[in-house]
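K.L.:
Okay, predicted coordinates and the sequence, questions at the end:
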Amino acid sequence: MYKSVQYSLLLIFLCIISLASAQSFKFAHVSDTHIGGNTAAEDLRRTVKDINENPEIKFVIVSGDITEFGADEELKLAKRILDSIKVDYHIIPGNHDGNWSESGGNTFRKVFGAETFSFKHDGYHFVGTNCGPNMRMSPGQVPRENLVWLDSLFSAEPDKEEALIFVNHYPLDSGLNNWYEVIDRIKTRNVQLALCGHGHNNRRFEVEGIPAIMGRSNLRANDAVGGYNIVTVANGELSYEERNPGVQTKAEWVKISLINHHFDQETKKWPRPDFSVNDRQSKVKVRWKFQDDNDLGAGMAIFKNSMITANTKGEVYALNLKDGTRKWTFLTQGKVYSTPAVFEKYVVVGSADGYIYCLDAENGKERWKFQTDKAVLGSPIIKSGVAYIGGSDGHFRAVDLKTGKLKWDFDKVNNFISSTPLFFNETLYFGSWGNGFYAVDSKTGALKWNWDNGHTNRMFSAAAVVPVEANGRVFIVAPDRAMTALDAQTGEVIWRDKIDSIRVRESIGLSGDKKKVYVKTMDGEVLGISTSGNKMDVIWRSELQLPYELTPSAIIERNKVVFVPNHNGLISALDAESGKVNWQYKISNAMINPITPFGKNKVLVSSMDGSIYCLEYN
């Protein structure tokens, strides 16, 4: 009897030890490695070596901004370094990996296999998603396809009580346009913690009642070495210790309890985007709407009774203009951020798979495709039977519309092209993400002139703007907040102004009478700048006042109505004469893509989260 009791106690003791062991583990949280920066590769190699020397670390989470610019070589180098980690690592992209990516984020998926992750360890389910913004400057956004993936993931997991730890590069706040869509989903589960990077500092905070932790950047900054965090999960608690490789492990800086907050029973109402503007006006009717299951980063083209656009699944597709039903779909092998161009029955579009495609506008069947060396993120224009389009391989090409054969190739572009060229006086004008701006002969591909904005930081490039022309001048704006008027013939600077009170970005447009260039400021104002002045002369000012604003999509005037996009899904229609706001309509909370007015008082509007609306106004 005594031995039996001893044996039973021993079994109980062993079970307790086993249970405690199963719920106690360590992992490394690495973030913001920014490969491509000065010391980034060395800092990451030192961290990887340090992790490999710690047998207690079971896995690694890398929470975004893996590279500085999302460049192919940066991503490949990051992969080589990270692959030397001896334990599993789980990785998601950050805004730097997508917003300036020469592949439109396509290379990240190819190199690392996915932009999301889902795995389980000792009773905890770790789930990570992308944050964007992808290719189009705006607040962050968890891609529509990632939300659809989350839905399918949770549908396949019946156990809602399983502990969930959610990972994103951005914090789950209004810095993400669709933060609430993510939170509403994860709150249907037993979410106990949200992890992120982005801020480069260690920080404990809370998002709608969810405990959250931001991990420091791996970069050394002004220190001798960089760092990461060693995370310990034990006895229902999670703690962080900052580790400086080869130097020290600092004292625990945060500890939280991992508990079920029962958010599924929550009654508190948290702030959500306000769509009441749609109820306060009677001038707009929704003719139809369409919801894509993927992000939309392209504008639209009109062909007869169809509209044609493309998404980040790689689909180019046509919708019926009357009711928004899908007519045909063509699948490429890469994300598409290129706005299709149509001439007669030909549709031309670029894809991140490295091809320029020409499709039949009637049925979407491939007519021809032209292979380039890298992704094609630029949008084409078609003139006199020739398609002109820029790529990510340093080339700007002219391709015969009917045959798909190369007519000429300008191969001296510094870095990649992501916008639509201006065609004027047999010349093509376009910028690249290498601070260059080019004027190329449309007949021969010969360089007429190029202009450099003087910056060494390529983030200031005039690359996202769609240039406009008036009075023999080409007008551009850039993230350096300067507006420039160049002589269209010579490239000489007529004027270049950077006025602190007028913080312009990449969004501009031309008035119907060509007397003014519309510019949108970061402070949400829309101004008209004289096309004939000798400086940045404001001659028109709208009463519109948007919040802080970044959208690079162009401003469009049609029939004396000025259509203004914003980065929170709002389209504003202004009177071209007075600047008065005629009407506004909010289709989502994501960035508005290039707007397409058509017919009599109709306009097509899409947003980055896959929403497409056909609006009719009076």
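P.N.:
It's in.
K.L.:
so where do the helices sit in the stretch 251-400 of the chain?
P.N.:
Shown for the stretch 251-400 of the chain, no helices are assigned by DSSP state H, counting those that start in this stretch.
K.L.:
count of residues packed around the nearest residue to Leu546 once chain neighbours are set aside?
P.N.:
Nearest non-adjacent residue to Leu546, counting by C-beta to C-beta, 6 or more residues apart in numbering: Gly524, 3.1 Å away. No exception for glycine: its C-beta is placed from N, CA and C like everyone else's. Gly524 sits with 14 neighbouring residues when counted by other C-beta atoms under 10 Å.
K.L.:
could you measure Gly524 against Pro565, distance?
P.N.:
Counting by C-beta to C-beta, to the nearest Å, the gap from Gly524 to Pro565 is 12 Å.
K.L.:
For stretch 97-114, measure first residue to last.
P.N.:
Taking C-alpha to C-alpha, to the nearest Å, stretch 97-114 runs 13 Å from one end to the other.
K.L.:
Tell me which residues of that stretch come out buried.
P.N.:
97-112 (16 or more other C-beta atoms under 10 Å).
K.L.:
now stretch 349-365
P.N.:
349-359, 361, 364.
K.L.:
now stretch 446-462
P.N.:
448-451, 453, 458-462.
K.L.:
Then stretch 209-220?
P.N.:
210-220.
K.L.:
Show me what the helix or strand that contains Glu42 packs onto, helices and strands only.
P.N.:
Per DSSP states H and E: Glu42 is located in helix 40-52. Helices and strands touching helix 40-52, by 3 or more C-beta pairs under 8 Å, 6 or more residues apart in numbering; DSSP states H and E, are strand 25-30, helix 72-82.
K.L.:
Do a quick rundown of the strands in the stretch 201-350 of the chain.
P.N.:
203-207, 210-214, 228-234, 237-244, 248-249, 254-257, 284-291, 301-303, 306-310, 315-320, 326-331, 341-343, 346-350 (DSSP state E, counting those that start in this stretch).
K.L.:
Among these, which comes closest to Gly37?
P.N.:
strand 228-234 (15.9 Å; C-beta to C-beta).
K.L.:
Not counting its own residues, what contacts the closest one?
P.N.:
20, 23-31, 47, 51, 54, 57, 122, 124, 202, 215-216, 218, 238-243, 245, 249, 258 (C-beta atoms under 8 Å, 6 or more residues apart in numbering).
K.L.:
List the strands paired with that strand, with their directions.
P.N.:
If you go by DSSP bridges, strand 228-234 pairs up with strand 25-30 (antiparallel), strand 237-244 (antiparallel).
K.L.:
just the ones you listed: most buried one?
P.N.:
strand 25-30 (a mean of 23; mean count of other C-beta atoms under 10 Å).
K.L.:
Alpha carbons of that one, as PDB, please.
P.N.:
C-alpha atoms of strand 25-30 as PDB (Å, rounded to 0.1, in the frame of the first residue of the first chain):
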ATOM      1  CA  PHE A  25       9.500  28.100 -23.300                       C
ATOM      2  CA  LYS A  26      11.600  30.900 -24.800                       C
ATOM      3  CA  PHE A  27      11.600  32.400 -28.200                       C
ATOM      4  CA  ALA A  28      13.400  35.400 -29.900                       C
ATOM      5  CA  HIS A  29      11.500  38.400 -31.200                       C
ATOM      6  CA  VAL A  30      13.600  40.200 -33.900                       C
END
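K.L.:
what residues are up against Glu362?
P.N.:
Lys345.
K.L.:
where do the strands sit along the stretch 1-150 of the chain?
P.N.:
25-30, 57-63, 88-92, 117-121, 124-128.
K.L.:
do the same with the stretch 451-600 of the chain
P.N.:
468-470, 473-477, 483-487, 493-497, 504-510, 516-521, 526-530, 538-541, 556-558, 561-565, 570-575, 581-586, 596-598.
K.L.:
circling back: okay, the buried residues of stretch 209-220 in CSV with distance to Glu145 and pLDDT next?
P.N.:
Converted to CSV, the buried residues of stretch 209-220 look like this (distance: C-beta to C-beta, whole Å; pLDDT from 0 to 100):
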residue, distance to Glu145, pLDDT
Ile210, 23, 98
Pro211, 28, 98
Ala212, 24, 98
Ile213, 26, 98
Met214, 25, 98
Gly215, 26, 98
Arg216, 30, 98
Ser217, 28, 98
Asn218, 28, 98
Leu219, 30, 98
Arg220, 35, 97
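K.L.:
Using a markdown table, please lay out the residues you listed together with distance to Ser542.
P.N.:
Shown next, in a markdown table, are the buried residues of stretch 209-220 (distance: C-beta to C-beta, whole Å):
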| residue | distance to Ser542 |
| --- | --- |
| Ile210 | 40 |
| Pro211 | 44 |
| Ala212 | 39 |
| Ile213 | 43 |
| Met214 | 38 |
| Gly215 | 43 |
| Arg216 | 43 |
| Ser217 | 40 |
| Asn218 | 45 |
| Leu219 | 42 |
| Arg220 | 47 |
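K.L.:
of these, closest to Ser588?
P.N.:
Ile210 (23.5 Å).
K.L.:
Extract the residue ranges of the stretch 301-450 of the chain that are flagged as low pLDDT.
P.N.:
Within the stretch 301-450 of the chain, no stretch falls below the threshold (pLDDT under 70).
K.L.:
ugh, wrong one, I meant the chain
P.N.:
1-22.
K.L.:
let's see 80
P.N.:
1-23, 136 (pLDDT under 80).
K.L.:
Lys289 - nearest residue in space that isn't next to it in sequence?
P.N.:
Tyr613 (4.8 Å).
K.L.:
Okay, the one you found and Ile308: tell me how far apart.
P.N.:
Applying C-beta to C-beta to Tyr613 and Ile308 gives a distance of 16 Å.
K.L.:
quick one: which of these two has more around it?
P.N.:
Per other C-beta under 10 Å, whichever of Tyr613 and Ile308 has more neighbours is Ile308, with 26 against 22.
K.L.:
just checking, Leu258 touches Val191?
P.N.:
No: with contact defined as C-beta atoms under 8 Å, Leu258 does not reach Val191; the gap is 10.4 Å.
K.L.:
related to what we said a few turns ago, counting neighbours, which bits of the host helix or strand of the residue nearest to Lys289 end up buried?
P.N.:
Using DSSP H and E, Tyr613 sits within strand 611-617. Using 16+ other C-beta under 10 Å as the test for burial, strand 611-617 gives 611-615, 617.
K.L.:
now stretch 390-405
P.N.:
390-399, 401, 404.
K.L.:
Stretch 498-515 too?
P.N.:
502-511.
K.L.:
do the same with stretch 267-287
P.N.:
Counting neighbours by 16+ other C-beta under 10 Å, the buried set in stretch 267-287 is 273, 284, 287.
K.L.:
What separation do you get for the first one and Ser306?
P.N.:
In this case it means Pro273. In terms of C-beta to C-beta, Pro273 sits 31 Å off from Ser306.
K.L.:
for the buried residues of stretch 267-287, which one is nearest Val376?
P.N.:
Arg287 (32.2 Å).
K.L.:
List the beta-bridge partners for the residue nearest to the closest one when sequence neighbours are not counted.
P.N.:
Nearest residue to Arg287 in three dimensions, chain neighbours excluded: Cys614, at 4.3 Å (C-beta to C-beta, 6+ apart). Counting by DSSP bridges, Cys614 is bridged to Trp288, Leu604.
K.L.:
Could you shift the numbering so residue one becomes 253, and keep it that way?
P.N.:
Right, with 253 as the first residue, what we last looked at is Cys866.
K.L.:
tell me the contacts of Cys866?
P.N.:
538-541, 573, 576, 854-856.
K.L.:
about what we covered before: can you tell me which of the strands of the stretch 703-852 of the chain is nearest to Ser370?
P.N.:
strand 833-838 (32.6 Å).
K.L.:
What strands line up against the closest one, and which way round?
P.N.:
Here, using DSSP bridges, strand 833-838 pairs with strand 822-827 (antiparallel).
K.L.:
How about the partner strand, which residues are buried there?
P.N.:
822-826.
K.L.:
Near Thr577, how many other residues are there?
P.N.:
So Thr577, with other C-beta under 10 Å, has 10 neighbours.
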